[in-house]
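Colleague: Any chance you can model this:
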Amino acid sequence: MAARRRQIRRATGWVAVILLGGCGADSGTSDAALDADASVAGGTSDAPTFAVDPGWPNEMPDLWIIGSVTGVFVDSRDHVWVTHLEETLTPEETSAVQDPPIGSCCRPAPAVIEFDADGNVVQGWGDPSQDISVYPQNPHGIFVDHNDFVWVGTYRHHRVQKFTRDGELVMTIGDYDVTEGSNSTEYLGGPAGIWVDPTTNEVFVADGYRNRRVVVFDGETGQYLRHWGAYGDAPDDDVLSGRGTPERPPPQFATVHGLTGSADGRIYVADRRGNRIQEFEQDGTFVREVYIAPETLASGSSFVPVLSNDPEQRWLYLADGTNHKVWILRRSDLEVVGEFGRGGRQLGQFLRPHGMSIDSRGNLYVGEASTGRRVQRFNLGSPQEPSP
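Modeller: From the prediction side, this is the model:
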């Protein structure tokens, strides 16, 4: 298998970006690499640009506050769905619900929140008082499909749950706290991202916090259909994989963290600690890969991929939660052509961008985990006036 993969790579080539002065950057970077990095920072003339919208979202009701954001998705109505981790909030942040209350604000928001396009809360559901069989505990990743069902992963408890829009549980794939490895046809292992094909109703799951694979189920019945690991090979949990570079390509996925599908039948998988995106056909046939900031350590650079919504889907956006930015890639050759954002707490900056999605106008919504704990909208094109 190794020889076959080497031949594929020679045919398709690599695109790698070296960050200067960032995590683990090599001080001996060549002049050619410096020139390449400078061109990326400046972007190309036709690459999309984004400006933060300071007026989105509006204040949430009932003294709600959100913890680490683990998923963002924009549905067909341009409504924005967000999942977060209530358990990351401190007593000081949730003083109104302490016993006794230690202050007047705030209260944890429900696990799943729906905003309208103007940034107003429509509803929220998912409460720790619910039975664990129906409560999406530790949610990670969210997707609203073509039939308006809401899919939520629970990464610490190895389930993907299918709900109605108002939070009624329809189906559960996997069992609570049960896992049996990357080649299981019944159980999951740390699901992190979900994409549903509107033409086939197949559910693609980035099953990657513990397992090392993409796994596919029937969206109606939950029946297992197929799975694959890095390069389309069978996953092997006995082979350790860590940081990925073009010179040291991991033979297995390191952290299968996010995925998305294109209108022309390709699946893009973000291997977070592997510092790469791998592209596949829907049957798991490997097409090519690209490394993003391969010197990145810690959690890696490749968190969540999102495709632009023009007819050709020319652009692939990638949230990078370690370097605190969004990369812009040209999909035709997976070359990095731009970026936006930097680490920080100011408007338009990021602390661990972790969830991302796109609306019908091409605007991006980016949610921040860790201590970021917010969602920002970035309008496509030149700066625009805040939403009314």
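
Colleague: Could you point out which residue ranges in the stretch 101-250 of the chain have low pLDDT?
Modeller: Judged against pLDDT under 70, the stretch 101-250 of the chain has no low-scoring part.

Colleague: What segments of it are strands?
Modeller: Listed in chain order, the strands of the stretch 101-250 of the chain (DSSP state E, counting those that start in this stretch) span 107-108, 112-115, 121-125, 139-144, 150-154, 159-163, 169-173, 191-196, 202-207, 213-218, 224-228.

Colleague: what does the third one rub up against?
Modeller: Contacts of strand 121-125 from elsewhere in the structure, counted by CB atoms under 8 Å, 6 or more residues apart in numbering, are 57-58, 60-61, 64, 79, 109-116, 163, 166-167. Every C-beta, even on glycine, is put in place using the N, C-alpha and C of the backbone.

Colleague: And the nearest residue to residue 328 once chain neighbours are set aside, how far from residue 225?
Modeller: Of all residues beyond its chain neighbours, the one nearest residue 328 is residue 338 (3.9 Å), with distances taken as CB to CB, 6 or more residues apart in numbering. Distance, residue 338 to residue 225, by CB to CB, to the nearest Å: 36 Å.

Colleague: Tell me, how many residues neighbour residue 313?
Modeller: Here the number of neighbours of residue 313 (other CB atoms under 10 Å) works out to 15.

Colleague: which ones are touching it?
Modeller: 262, 263, 264, 307, 331.

Colleague: Now restrict those to buried residues only.
Modeller: Neighbour-count burial (16 or more other CB atoms under 10 Å) applied to those gives 307, 331.

Colleague: Mind checking which of the contacts of residue 313 land in strands?
Modeller: With DSSP state E as the criterion, strands contain residue 307 from among the contacts of residue 313.

Colleague: Between the contacts of residue 313, which sits nearest residue 157?
Modeller: The closest of those to residue 157 turns out to be residue 307 (CB to CB; 29.0 Å).

Colleague: unless I'm mixing things up, the closest one is touching residue 264, no?
Modeller: No - applying CB atoms under 8 Å as the test, residue 307 and residue 264 come out as separate, 10.3 Å apart.

Colleague: quick one on the thing from earlier: so for residue 74, which of the strands of the stretch 101-250 of the chain sits nearest?
Modeller: Smallest distance to residue 74 across the strands of the stretch 101-250 of the chain (CB to CB): 8.3 Å, for strand 139-144.

Colleague: Who are the packing partners of the one helix or strand the residue nearest to residue 328 maps to?
Modeller: For residue 338, the host element (DSSP states H and E) is strand 335-340. With contacts taken as 3 or more CB pairs under 8 Å, 6 or more residues apart in numbering; DSSP states H and E, strand 335-340 sits against helix 31-42, strand 325-330.

Colleague: circling back to that earlier point, buried subset of the contacts of strand 121-125?
Modeller: Neighbour-count burial (16+ other CB under 10 Å) applied to those gives 57, 60, 64, 79, 109-115, 163, 167.

Colleague: Check those and tell me the two furthest apart.
Modeller: Across those (CB to CB), the longest gap, 21.7 Å, separates 57 and 163.

Colleague: Next up, the contacts around the most centrally placed residue in the chain.
Modeller: Centroid check for the chain by CA atoms, centre = their mean gives residue 304 as the closest residue, at 2.9 Å. Contact partners of residue 304, counting by CB under 8 Å, 6+ apart, are 193, 257, 258, 270, 318, 319, 353, 354, 355, 356.

Colleague: and the fifth one, that's in a strand?
Modeller: Yes - when the secondary structure is assigned by DSSP: H, G, I helix; E, B strand; the rest coil, residue 318 falls within a strand.

Colleague: Make 85 the first number, not 1, from now on.
Modeller: With the count now opening at 85, the last piece we talked about shows up as residue 402.

Colleague: Burial check on it, number of neighbours?
Modeller: 26.

Colleague: which ones are touching it?
Modeller: Shown in contact with residue 402 (CB under 8 Å, 6+ apart): 354, 361, 376, 385, 386, 387, 388, 389, 390, 410, 411, 413.

Colleague: any chance you could map the helices in this protein?
Modeller: Using DSSP state H, the helices of the chain run over residues 86-96, 115-126.

Colleague: before we move on, back to that, nearest to residue 182, of the contacts of residue 397?
Modeller: Of the contacts of residue 397, the one sitting nearest to residue 182 (CB to CB) turns out to be residue 391, at 43.1 Å.

Colleague: quick one: that closest one and residue 446, what's the gap?
Modeller: In terms of CB to CB, residue 391 sits 11 Å off from residue 446.

Colleague: pretty sure residue 450 contacts residue 456?
Modeller: No - applying CB under 8 Å as the test, residue 450 and residue 456 come out as separate, 9.3 Å apart.

Colleague: Tell me which of those two has more neighbours.
Modeller: More crowded of residue 450 and residue 456, by other CB under 10 Å: residue 450, with 29 against 23.

Colleague: Now do the same contact list for the more buried one.
Modeller: 156, 403, 410, 425, 434, 437, 439, 440, 459, 460, 462.

Colleague: residue contacts, the fifth one?
Modeller: When you say that, I think you mean residue 434. When contacts are counted by CB under 8 Å, 6+ apart, residue 434 touches 405, 408, 409, 410, 425, 426, 427, 428, 450, 452, 456.

Colleague: No more questions from me, cheers.
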